[in-house]
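In: Predicted structure and sequence below. I'll ask about it afterward.
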Amino acid sequence: MAETYLTYRDSGRPAHAGPLQVQLRVIGALILRDMRTRFGRKLTGWTIMVMWPLSHLLVLMIGYLIAHRIAPVGTNVTVFIGTGVLPYILCLYPARMIMLCLVQNQPLLLFPPVTAVDVIIARSILEIINAFWVVALFCLALFVLDVDFLPLRYADAILAIVATIYLGFAIGFISTILYKLIRAWVAIQIILLVSAYIISGAIVPITNLPEQVRQWLWFNPLAHSVEWLRSAYFDAYGEGLLSRSYLIGYATMLLFIGLIAERAVRGRLLES
């Protein structure tokens, strides 16, 4: 598939494409191949990939509602738990699937035009698309159930979602390099991400915890994702705790380290 698209020539176009055109064709071919191998040729494959994180989100929300818990913030329990769980879904699932891309597409690295970064970018684009579909279908499901899930500040909600996906991409980028070198990293990453979610304030707001505990939890980037999204729904939420620059800076730092690591161990990434 990748080789077919790389050697493709459109009529009327020059036979020799520039480096950027070649890279775009490579990424496009990798995206199509990833879609075919992961989702198959039928819509059911893609539906399962989207419904899996969506069902995870809905199950957690339903379990919280069945427990008859009162929302610690606001009056709508669905909004409270949804804004807490959604950042976890948008961060963990892309990060986990991006982490596996080099191992799953190892033979493609034998093609000279294909680089590890191309494979990571192609997988990331698919995961970002899936993430936005999860958000859209989640909001649609709540709309059908007549649940008011509209934020007070749309810009903050959108930016929080984009920043959370960016964090998941950065974690996935550096993790795919680590997983290629250390196979035990898959278990380590899952433990770290689940732990980050538990202490992110998704269930118990960090603002309700003692000051000494809040000082330590402040360093959890996922906590800032939760606070950022909830600040779009609740007035004066996250004041004194939310740091948008820390979340974006943390993700950018991971991505920068991942790019340096990819460059440093590029030869080892070609090994099976």
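Out: Looks like it arrived, so ask away. Note that the structure is a prediction, hence the values are computed from the model and not measured. Numbers count the residues shown, from 1 in each chain.
In: Please enumerate the helices of this protein.
Out: 2-6, 19-39, 43-66, 77-99, 101-104, 116-144, 154-181, 185-198, 211-217, 221-231, 244-264, 266-269 (DSSP state H).
In: wait, what's in contact with the nearest residue to Ile203 once chain neighbours are set aside?
Out: Nearest residue to Ile203, sequence neighbours excluded (C-beta to C-beta, 6 or more residues apart in numbering): Gly84, at 6.3 Å. Every residue, glycine included, has its C-beta placed from N, CA and C. Taking C-beta atoms under 8 Å, 6 or more residues apart in numbering, we find Gly84 in contact with 200-203, 226, 230.
In: Pretty sure Val114 sits against Val26.
Out: Yes: in this structure, Val114 is within contact of Val26 by C-beta atoms under 8 Å, at 5.7 Å.
In: Turn the contacts of Gly84 into a markdown table, including neighbour count, distance to Leu192 and pLDDT.
Out: Below are the contacts of Gly84 laid out as a markdown table (neighbours: other C-beta atoms under 10 Å; distance: C-beta to C-beta, whole Å; pLDDT from 0 to 100):
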| residue | neighbour count | distance to Leu192 | pLDDT |
| --- | --- | --- | --- |
| Ser200 | 24 | 12 | 86 |
| Gly201 | 26 | 17 | 82 |
| Ala202 | 24 | 16 | 78 |
| Ile203 | 16 | 18 | 78 |
| Val226 | 27 | 16 | 91 |
| Arg230 | 27 | 23 | 89 |
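In: any idea which of those is closest to Asn220?
Out: Proximity of the contacts of Gly84 to Asn220 (C-beta to C-beta) peaks at Ser200, which lies at 5.9 Å.
In: contacting residues for that closest one?
Out: With C-beta under 8 Å, 6+ apart, Ser200 has these contacts: 84, 87-88, 217, 220, 222-223, 225-226.
In: mind checking how far it is from Gly249?
Out: 18 Å (C-beta to C-beta, to the nearest Å).
In: can you check Ala122 too?
Out: 26 Å.
In: Any regions of the stretch 151-272 of the chain where pLDDT drops low?
Out: Filtered on pLDDT under 70, the stretch 151-272 of the chain yields the residue ranges 272.
In: hang on, the earlier thing: looking at Ala122 and Gly249, which is more packed in?
Out: Ala122 (25 against 12; other C-beta atoms under 10 Å).
In: ok, the more buried one - contacts?
Out: 27, 30-31, 34, 101.
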